[in-house]
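S.K.: Make a model of this:
(chains A and B)
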Amino acid sequence: MSEHNKRQYQLMLDRLTAFEKGQIPLDTLVVDLEGLLNALEGVTIPWRQTFLHDWGKLEDERAYALFKNVKILDEETSQRIRPAVSNLKLLVLEKIDDLADRIRNSP
Amino acid sequence: MHSQPPGWLERSDTHLDPRPGHECKIKNGAAGPRSNSRKGAKSAWGRFMQVDGIGYSGGINAYVGNDPLNLVDPFGFTRDSPWGVNAPSLSQNDSSFTTPSSQSGLLFATPEIFTTPAPSTPESQLLQLAAMDESMLRGKSQLLEGGGGGGPDGGFGGSTSGGRNPWYSPPPQISGEESGPPASSFSGSLRNPLQAPIGPPRNLPGEFNGQPYTGHAFDALQNRGIPPSVVDQAINRGIPNPGNTPGTTRFYDPTNNMTVVRDNATGNIITVRPGN
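M.R.: Okay, the predicted model is just below:
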């Protein structure tokens, strides 16, 4: 993995963690994740599709909230968002851990 | 002058013999001098290396009055400015230079030389190159003197006192109705999406091809560079599924790998995104 991709994955993880802690809004999370995904180089198509599937859930919620002019997400929406965020974190951690394993196992 | 064998040009380089009538002849190299068969020119110096056609009437070694940075002498008969109108008219004040100014000013004073191709004769090509050499030297001297590029373009070398750069042709000015209306907005692409500003949508809700869109959906189309035809295709031929949000439907188009989300109650397209 390139240093460039490593930075993008780390930034993704930072954003997801910040959202879980309530430090950034859903708007910011969706936009930042999309930008970071597009900044990745040489991503496999299956990983990208899986990422987009979960990211799409966040985008849909965001779009619907904007359409309905909802400023604060209700509990029901939060419950739908939470698993998507967890899945995204797992996907990103999978990449970061993969890198850590390689470094650890290298002679 | 001596007669020359084919492929040999008059030239004085390291073997310059300053004596009148003595010219060193060296085979023309890749970066060697150019010749118009009257005099050899050394581009690095921007000067002709042989005596003028008028001999030494203009003085010994006094090519263009020893002012090669500002004056040119393409035919070896006179000294003139490559910039035409800005040149001091030396030939009017100096009786030793009697060549008609029309000859010397023909190729250097007219603006057409920089915008239209000159007749492709060896002599005209040489003269153009000589003019470029001169202008480059002029630009360098202006830089050395702290005078900058000398023209409004501020470029190096090619700038002239008249602000005309022989290496730069300004783009054609389109004015009035030909220019068309200004672009209504910017747009990104799938490879390079715009970072949408956080906050309310930029666009207002509207209709396109009979399909209502929310402002955010228009934003998504613009930011991701998705044409509305992709939306139509996803709705007409895509795979419909219940949306992630209750009361919505997702239309996934595998051809474009694009998903359109539509509100069931109003029929509004609320977002368009990549992936499933």
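
S.K.: contacts, neighbours, all on C-alpha from now
M.R.: OK.

S.K.: Skipping its backbone neighbours, what lies nearest residue B:220 in space?
M.R.: Nearest residue to residue B:220 in three dimensions, chain neighbours excluded: residue B:272, at 6.0 Å (CA to CA, 6 or more residues apart in numbering or on different chains).

S.K.: Whether stretch A:31-47 contacts chain B - can you check?
M.R.: Yes - judged by CA under 8 Å from any CA of the partner chain, stretch A:31-47 comes into contact with chain B through A:31, A:32, A:35, A:38.

S.K.: helix or strand for the last one, which one?
M.R.: If I follow you right, that is residue A:38. Using DSSP states H and E, residue A:38 maps to helix A:26-39.

S.K.: and residue A:72, how many neighbours?
M.R.: Using other CA atoms under 10 Å in any protein chain shown, residue A:72 has 11 neighbouring residues.

S.K.: With residue A:93 instead?
M.R.: When neighbours are counted by other CA under 10 Å, residue A:93 comes out with 16.

S.K.: from what I can see it touches residue A:11, true?
M.R.: No - using CA atoms under 8 Å as the test, residue A:93 is too far from residue A:11 to be in contact (11.3 Å).

S.K.: Make sure the residue nearest to residue B:220 is indeed in a strand.
M.R.: Yes - counting by DSSP: H, G, I helix; E, B strand; the rest coil, residue B:272 is part of a strand.

S.K.: I figured it hits residue B:258, correct?
M.R.: Yes - the pair residue B:272 and residue B:258 passes the contact test of CA under 8 Å, sitting 7.2 Å apart.

S.K.: Could you break chain B into its assigned domains?
M.R.: Taking automatic domain parsing as the reference, chain B has its domains at B:8-121, B:206-274.

S.K.: looking at the ones you listed, which has the lowest confidence?
M.R.: Per-segment mean pLDDT for the domains of chain B reaches its minimum on domain B:8-121, at a mean of 52.

S.K.: what does the average pLDDT come to for the helix holding residue A:38?
M.R.: 93.

S.K.: can you check stretch A:43-55 too?
M.R.: Stretch A:43-55 carries an average pLDDT of 95.

S.K.: List the buried residues for it?
M.R.: A:49, A:50, A:51, A:52, A:53, A:54, A:55 (16 or more other CA atoms under 10 Å in any protein chain shown).

S.K.: SS state for the residue most central in space within chain A?
M.R.: A centroid search over chain A (CA atoms, centre = their mean) returns residue A:88, at 4.6 Å, as the residue closest to the centre. Following three-state DSSP, the label given to residue A:88 is helix.

S.K.: Tell me the residues of chain A that contact chain B?
M.R.: So chain A meets chain B at A:27-28, A:31-32, A:35, A:38, A:49, A:52-53, A:56-57, A:59-61, A:63-64, A:66-67 (CA under 8 Å from any CA).

S.K.: Please report how far the residue nearest to the centre of chain A lies from chain B.
M.R.: Going from residue A:88 to chain B by CA to the nearest CA, to the nearest Å gives 14 Å.

S.K.: need the contact list for that residue.
M.R.: Taking CA atoms under 8 Å, 6 or more residues apart in numbering or on different chains, we find residue A:88 in contact with A:16, A:51, A:54, A:55.

S.K.: possible to save those residues as a markdown table with secondary structure?
M.R.: Below are the contacts of residue A:88 laid out as a markdown table (three-state DSSP):
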| residue | secondary structure |
| --- | --- |
| A:16 | helix |
| A:51 | helix |
| A:54 | helix |
| A:55 | helix |
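
S.K.: quick revisit: point out the other helices and strands that the helix holding residue A:38 packs with.
M.R.: The contact analysis (3 or more CA pairs under 8 Å, 6 or more residues apart in numbering or on different chains; DSSP states H and E) places helix A:26-39 against helix A:3-20, helix A:45-67.

S.K.: how far is that helix from where the chain is centred?
M.R.: Per CA atoms, centre = their mean, to the nearest Å, the displacement of helix A:26-39 from the mean C-alpha position of its chain is 7 Å.

S.K.: what is the orientation angle of it with helix A:3-20?
M.R.: With axes from the mean of the first three to the mean of the last three CA atoms, to 10 degrees as the basis, helix A:26-39 and helix A:3-20 are set at 170 degrees to each other.

S.K.: how about helix A:26-39 as PDB, C-alpha atoms only?
M.R.: Written as PDB, here are the backbone C-alpha positions of helix A:26-39 (Å, rounded to 0.1, in the frame of the first residue of the first chain):
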ATOM      1  CA  LEU A  26     -23.600  13.900   8.600                       C
ATOM      2  CA  ASP A  27     -23.100  16.400   5.800                       C
ATOM      3  CA  THR A  28     -19.400  16.600   6.500                       C
ATOM      4  CA  LEU A  29     -19.000  12.900   6.900                       C
ATOM      5  CA  VAL A  30     -20.700  12.100   3.600                       C
ATOM      6  CA  VAL A  31     -18.800  14.700   1.600                       C
ATOM      7  CA  ASP A  32     -15.400  13.900   3.200                       C
ATOM      8  CA  LEU A  33     -15.800  10.100   2.700                       C
ATOM      9  CA  GLU A  34     -16.700  10.600  -1.000                       C
ATOM     10  CA  GLY A  35     -13.700  12.800  -1.500                       C
ATOM     11  CA  LEU A  36     -11.300  10.400   0.300                       C
ATOM     12  CA  LEU A  37     -12.700   7.500  -1.700                       C
ATOM     13  CA  ASN A  38     -12.100   9.200  -4.900                       C
ATOM     14  CA  ALA A  39      -8.600  10.100  -3.800                       C
END
